[in-house]
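Engineer: build me a structure from this.
(one chain, ligands or ions: 1)
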Amino acid sequence: MDAIFLSSGDVIADRRFEYARDLVAEGDFAAAADLLEQTLELAPGYAAAWFTLGEVRERLGARDAAAAAFGKAAAADPQDRHGANLHLIRLGVAPATAMPESYVRSLFDGYAPKFDHALTQGLSYRAPELLLQAVQASGAAMTFAHALDLGCGTGLGGAAFKPFCAKLTGVDLSPAMLAQAKAKNIYDRLDAGDVVSFLDAGTARYDFILAADVFMYLDDLHPVLAAVKRAMTPGALLAFSVETHDGDGVMLRDTLRYAHGAAHVRAALAVAGLTLITLEPATTRTEKGVPVPGLIAVALLPPPLRGRVGEGGH
Ligand SMILES: C[S@@+](CC[C@H](N)C(=O)[O-])C[C@H]1O[C@@H](n2cnc3c(N)ncnc32)[C@H](O)[C@@H]1O
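Structural biologist: Modelled structure (predicted):
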């Protein structure tokens with residue numbers, strides 16, 4: 001429960017909200033719900049309080065009331081920085097959609113200073129090394145003229161591949177994550193923005209594209225893989241990780257990250273015209289100490305077939 005604290009503009013409501021959060025931390029959800037309802041009588045447009053009330057009502061087993069509170073939180077903050085709409089998707093009352101950019105940006109801007117330590121020490125993050133192993137095992141020449149790191153974050157994935165890349169570009173939604181990446185001095189260029197918009201707007205072409213633990217913030221993989229394909233040179237490689245589940249489609253997990261079934265990954269790659277080389281089960285991180293099921297994928301944009309001698313040419 002880590003609602004971003006945004007003031008209601010009413011000092012008493014803010015104080016009640018803080019006290020309600022203390023009650024949440026102590027596990028007294030019934031008292032917290034009462035206090036949050038009182039807070040919202042004073043400040044009915046207080047998105048953080050509606051959001052926390054949604055979480056608390058869910059803890060109390062009141063699913064419909066929780067959905068109502070998340071709905072109010074989403075309505076109270078059009079940027080949806082808390083990700084209330086994602087809870088509505090998770091609760092099955094709204095269809096799966098792309099994550100709001102402002103939610104992802106707020107999440108990672110807040111996370112950036114402690115990201116490297118939290119991921120590597122706390123969550124046993126291994127996506128960069130697993131992806132590097134998979135690309136090496138694919139038989140790739142391991143010399144890339146221009147590589148692109150999608151959702152580069154602080155540069156953990158970029159750092160693993162840097163020795164093999166003459167030029168390395170990174171793109172990420174979160175300026176604070178990009179500031180951490182810049183300080184590492186491993187990228188030739190860093191851009192702030194959404195991965196699909198970046199790919200669609202750019203004219204650069206890459207012979208290697210990396211997406212280490214990024215696609216869990218996207219629902220349907222078809223648009224991003226189509227955009228990736230357009231930015232690849234013939235013979236280029238794409239390496240990415242996803243969280244997965246036993247079904248075929250895309251589901252939003254309780255953690256508010258999307259899990260992609262293997263069939264969805266295969267289908268989206270095939271539709272994009274990319275040839276799958278590797279799709280291996282792997283765990284890139286833990287969640288509350290438990291390994292999260294995932295997949296490591298490597299795909300190729302096949303070079304065009306050359307005609308036999310004597311064919312064509314007229
Ligand atoms: C779990 S971090 C992984 C960062 C990095 N790839 C690594 O291996 O450490 C996910 C990153 O993806 C970025 N991200 C998520 N959705 C994005 C999108 N649609 N466009 C650009 N960046 C995105 C986040 O801002 C965050 O920095």
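Engineer: strands along the stretch 201-314 of the chain, start to end?
Structural biologist: Secondary structure of the stretch 201-314 of the chain (DSSP state E, counting those that start in this stretch): strands at 206-211, 232-243, 250-252, 258-260, 275-282, 286-287, 290-291, 294-300.
Engineer: what's the closest of the ones you listed to residue 124?
Structural biologist: With C-beta to C-beta as the criterion, residue 124 lies closest to strand 286-287 of those, at 5.0 Å. Yep, even glycine has a C-beta here, placed from its N, CA and C like the rest.
Engineer: off-centre distance for the closest one?
Structural biologist: Here the centre of strand 286-287 is set off from its chain's centre by 15 Å, with C-alpha atoms, centre = their mean, to the nearest Å.
Engineer: could you do stretch 45-60 as well?
Structural biologist: Taking the mean of its C-alpha atoms, stretch 45-60 sits 23 Å from the chain's own mean (C-alpha atoms, centre = their mean).
Engineer: same question for stretch 147-165.
Structural biologist: Centre-to-centre, stretch 147-165 and its host chain are 16 Å apart (C-alpha atoms, centre = their mean).
Engineer: what comes up buried for that stretch?
Structural biologist: Across stretch 147-165, burial judged by 16 or more other C-beta atoms under 10 Å covers 147-162, 164-165.
Engineer: what do you get for stretch 16-23?
Structural biologist: 16, 17, 19, 20, 21, 23.
Engineer: residues contacting the closest residue to the ligand within the stretch 1-150 of the chain?
Structural biologist: Closest residue of the stretch 1-150 of the chain to the ligand, C-beta to the nearest ligand atom: residue 108 (3.8 Å). The neighbours of residue 108, taking C-beta atoms under 8 Å, 6 or more residues apart in numbering as the test, are 115, 153, 172, 173, 174, 176, 177.
Engineer: and which of the residues you listed is nearest to the ligand?
Structural biologist: Nearest to the ligand among those, with distances taken as C-beta to the nearest ligand atom, is residue 153, at 2.5 Å.
Engineer: my read: that closest one touches residue 115, true?
Structural biologist: Yes: the criterion here is C-beta atoms under 8 Å, and residue 153 meets it with residue 115 at 6.6 Å.
Engineer: now list whatever residues contact both of these two.
Structural biologist: With C-beta under 8 Å, 6+ apart as the test, residue 153 and residue 115 both reach 108, 177, 180.
Engineer: which SSE is the nearest residue to residue 91 once chain neighbours are set aside in?
Structural biologist: Spatially, and ignoring its direct neighbours in sequence, residue 91 is nearest to residue 67 (5.0 Å; C-beta to C-beta, 6 or more residues apart in numbering). Using DSSP states H and E, residue 67 sits in helix 63-76.
Engineer: ok, residue 186 next?
Structural biologist: Judged by DSSP H and E, residue 186 forms part of no helix or strand.
Engineer: please name the nearest non-neighbouring residue to it.
Structural biologist: Spatial nearest neighbour of residue 186, excluding adjacent residues (C-beta to C-beta, 6+ apart): residue 162 at 4.7 Å.
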